[in-house]
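A.B. asks: the following block contains a protein sequence and its predicted model.
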Amino acid sequence: MMSLSFEELRGFLNEKADFYNNPEFINDDPVQIPHRFSLQQDVEIAGFLVATISWGNRKAILKSADKMLDFMGNSPFDFVMNFTEKDLSQIENKAIHRTFSGEDFIYFIRRFRDVFEKYGSLEMLFKTEENETDFYHAIERFRIQFLLPEKHRSHKHISSPYKNSSSKRIMMFLRWMVRKDNRGVDLGIWKNTEAKFLSIPLDVHTGNISRKLGLLTRSQNDWKSVAELDLAIRKFDAQDPAKYDFALFGIGVTKDIL
């Protein structure tokens, strides 16, 4: 564990967050996918799909995202609202990305249409309520509304903080949609959701670096660790804690610890 004072650590993390929060570092990052679009619904659909499959090799993730967008004619919202059963039949038996199958893709497409017909935006399903300080409950409310009650194989692709998952991919999607810093990485298209509710998308890289910096003591990358890291990281910036994801992830990938 590194030994830095509070002010030294805050300064170090601010410097690294500023350095890595840069479009030059997203050439191989999944966030480039929603950046291709300007219509909010296109951004949300493309962003949610690529976030959902964001595990494993990043080049493979981008290739799989391209495959899904190609199926949708690179107009995801138009496809979601106007698909035919014949369109979906051409997807059904396709391999998409590792365990995310054509069947899962179809399930998401159908659920997107229902959600957009009812709410107009995914933002409406992630609303925080009074006295909540993070997205712990909001993610579960989203799952209840997005996933049909009947058990389906696709449910496993949207993790639950109630089951102590770090919900890393959902938190990454939320960061993209919510943070508004005009740096060219996060899109910040949601106007009614505040960045103060965001948590760090916790994965191997961010978890390991957080432990080396003394920000996290738990060994597992689960929701309890997300909550522990929240307490530490929000002391540095309570209004925009997720900006430190750039620092932790960037350091984790480059090993640029000091």
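C.D. replies: Structure received.

A.B. asks: neighbours of the nearest residue to residue 40 once chain neighbours are set aside, how many?
C.D. replies: Using Cβ to Cβ, 6 or more residues apart in numbering and skipping the chain neighbours, the partner closest in space to residue 40 is residue 189 (5.4 Å). C-beta: built from backbone N, CA, C; applies to glycine. Using other Cβ atoms under 10 Å, residue 189 has 21 other residues around it.

A.B. asks: SS state for residue 189?
C.D. replies: coil (DSSP: H, G, I helix; E, B strand; the rest coil).

A.B. asks: and it, what does it touch?
C.D. replies: Contacts of residue 189 were listed using Cβ atoms under 8 Å, 6 or more residues apart in numbering, and they are 40, 43-44, 177.

A.B. asks: which one among the residues you listed gets closest to residue 150?
C.D. replies: Proximity of the contacts of residue 189 to residue 150 (Cβ to Cβ) peaks at residue 44, which lies at 24.5 Å.

A.B. asks: please enumerate the helices of the chain.
C.D. replies: 6-20, 40-52, 58-71, 76-82, 85-89, 102-118, 136-146, 168-178, 204-212, 223-233, 244-254 (DSSP state H).

A.B. asks: and those as a markdown table, adding mean pLDDT, distance to residue 197 and mean neighbour count?
C.D. replies: Formatted as a markdown table, the helices of the chain follow (pLDDT from 0 to 100; distance: least, Cβ to Cβ, whole Å; neighbours: other Cβ atoms under 10 Å):
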| stretch | mean pLDDT | distance to residue 197 | mean neighbour count |
| --- | --- | --- | --- |
| helix 6-20 | 95 | 18 | 16 |
| helix 40-52 | 98 | 17 | 24 |
| helix 58-71 | 95 | 26 | 17 |
| helix 76-82 | 98 | 26 | 18 |
| helix 85-89 | 95 | 35 | 11 |
| helix 102-118 | 97 | 20 | 18 |
| helix 136-146 | 97 | 8 | 17 |
| helix 168-178 | 98 | 8 | 25 |
| helix 204-212 | 93 | 18 | 20 |
| helix 223-233 | 98 | 10 | 19 |
| helix 244-254 | 89 | 14 | 22 |
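
A.B. asks: make JSON lines out of those helices and add distance to residue 155.
C.D. replies: Formatted as JSON lines, the helices of the chain follow (distance: least, Cβ to Cβ, whole Å):
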{"stretch": "helix 6-20", "distance to residue 155": "33"}
{"stretch": "helix 40-52", "distance to residue 155": "12"}
{"stretch": "helix 58-71", "distance to residue 155": "19"}
{"stretch": "helix 76-82", "distance to residue 155": "19"}
{"stretch": "helix 85-89", "distance to residue 155": "19"}
{"stretch": "helix 102-118", "distance to residue 155": "9"}
{"stretch": "helix 136-146", "distance to residue 155": "8"}
{"stretch": "helix 168-178", "distance to residue 155": "13"}
{"stretch": "helix 204-212", "distance to residue 155": "24"}
{"stretch": "helix 223-233", "distance to residue 155": "17"}
{"stretch": "helix 244-254", "distance to residue 155": "26"}
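
A.B. asks: which one of those helices lies closest to residue 125?
C.D. replies: helix 136-146 (4.5 Å).

A.B. asks: tell me what the closest one is packed against?
C.D. replies: helix 102-118 (3 or more Cβ pairs under 8 Å, 6 or more residues apart in numbering; DSSP states H and E).

A.B. asks: correct me if wrong: residue 230 contacts residue 135.
C.D. replies: No - if you go by Cβ atoms under 8 Å, residue 230 and residue 135 don't touch, sitting 10.6 Å apart.
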